[in-house]
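In: here are the coordinates; sequence isn't available:
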Ligand SMILES: C[S@@+](CC[C@H](N)C(=O)[O-])C[C@H]1O[C@@H](n2cnc3c(N)ncnc32)[C@H](O)[C@@H]1O
């Protein structure tokens, strides 16, 4: 599917709505979409790809299908256990401290993890460290003021995280998966862009709204609006030689 296009965005959004009942189809769709995005910048076949915080491994599986030597690093054994087919050789490891030598990866891939770590700047440095000079870092995250910023308690996070979490628990009778300050942190588009642009070890090749159907780069340039409208910020970085 053409990216960006209305058809692609609608297909992704429909898959997202069906995620609770059919997670596998949604994550396979998302993985194909993300692999297409990576391949715009670098071929995957024969490349070493490191998938950090890759959950059950749908992305790793897709990268392998395209001929990459892909490796999953996931700190939560429960994520791997919940996967119908965790990729062979998956490593239980924290993305802050990857068990990899400097410059190992041709592509370091990290989808929807940055908002789950308390120090995104240090976390990003580790992604850059394991990427070879000239290699790519793909990092995407849901920013806090996105309509989905509060995750399962969205969009009520706009009225306060604690209130939104309590409301979720009252309505569903289930404990919320995410607690602000424990496993979900407010990460913002403007701040993150300033931080990555100030780095001297990467060049920003693309900063865009990951799922937008048109002008995905434009929205990330408009202060304030970008915090609400970006939904999910995708950064493609090249590690400086
Ligand atoms: C929302 S899930 C995203 C999973 C997958 N990457 C995706 O895009 O569907 C967040 C993932 O981040 C992982 N995570 C949280 N803290 C992490 C850390 N310090 N290092 C690496 N992964 C982490 C979680 O275990 C979980 O698998």
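Out: Right, received. Where do you want to start? Being a predicted model, the structure only gives us computed values, none of them experimental.
In: Then residue 234 would be within a strand, right?
Out: Yes: per DSSP: H, G, I helix; E, B strand; the rest coil, residue 234 lies within a strand segment.
In: Run through the bridge partners of it.
Out: residue 140, residue 208 (DSSP bridges).
In: quick one: contacts for it?
Out: 37, 138, 139, 140, 206, 207, 208, 209, 210 (CB atoms under 8 Å, 6 or more residues apart in numbering). Just so you know, the C-beta spots here come from the backbone N, C-alpha and C atoms, and that holds for glycine as well.
In: what do you get if the cut-off is 6 Å, keeping everything else the same?
Out: Residue 234 makes contact with 140, 208, 210, according to CB atoms under 6 Å, 6 or more residues apart in numbering.
In: quick one: the first one from the ligand, how far?
Out: Between residue 140 and the ligand the distance, using CB to the nearest ligand atom, to the nearest Å, works out to 8 Å.
In: Retrieve the pLDDT associated with that residue.
Out: Predicted confidence (pLDDT) at residue 140: the value is 98.
In: Pull the number of nearby residues for it.
Out: 20 (other CB atoms under 10 Å).
In: same thing with residue 42?
Out: 17.
In: elements contacting the lengthiest helix in the chain?
Out: When the chain is scanned for its longest helix (criterion: DSSP state H), the result is helix 23-39. Applying 3 or more CB pairs under 6 Å, 6 or more residues apart in numbering; DSSP states H and E, we find helix 23-39 packed against helix 58-65.
In: Would the following helix or strand past the helix it packs on count as contacting the ligand?
Out: Of the helices and strands lying after helix 58-65 in sequence (DSSP states H and E), the nearest is strand 69-73. No: applying CB under 6 Å from any ligand atom, one finds strand 69-73 out of contact with the ligand, separated by at least 6.7 Å.
In: picking up where we left off before, chain center to the longest helix of the chain: distance?
Out: Centre-to-centre, helix 23-39 and its host chain are 11 Å apart (CA atoms, centre = their mean, to the nearest Å).
In: State the mean pLDDT of it.
Out: 97.
In: Okay, angle between that helix and helix 58-65 too, please.
Out: 60 degrees (axes from the mean of the first three to the mean of the last three CA atoms, to 10 degrees).
In: The protein: strands as residue ranges?
Out: 48-52, 69-73, 105-111, 131-142, 202-209, 232-239 (DSSP state E).
In: can I get those in TSV with distance to residue 63?
Out: TSV is the format used below for those (distance: least, CB to CB, whole Å):
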stretch	distance to residue 63
strand 48-52	5
strand 69-73	4
strand 105-111	7
strand 131-142	11
strand 202-209	19
strand 232-239	15
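In: Quick check: which of these is nearest to residue 221?
Out: strand 202-209 (8.4 Å; CB to CB).
In: For the closest one, name the packing helices and strands.
Out: strand 232-239.
In: Show me what the worst-scoring helix or strand of the chain on mean pLDDT is in contact with.
Out: Ranked by mean pLDDT, DSSP states H and E, the weakest helix or strand in the chain is helix 77-81, scoring a mean of 95. The contact list for helix 77-81, computed with CB under 6 Å, 6+ apart, reads 55, 56, 74, 86, 90, 92.
In: let's see it at 8 Å
Out: 55, 56, 57, 74, 86, 90, 92.
In: residue contacts, residue 28?
Out: Residue 28 neighbours (CB under 8 Å, 6+ apart): 58, 62.
In: The protein against the ligand: which residues are in contact?
Out: Counting by CB under 6 Å from any ligand atom, the chain sits next to the ligand at 27, 52-55, 74-76, 79, 94-96, 111-113, 116-117.
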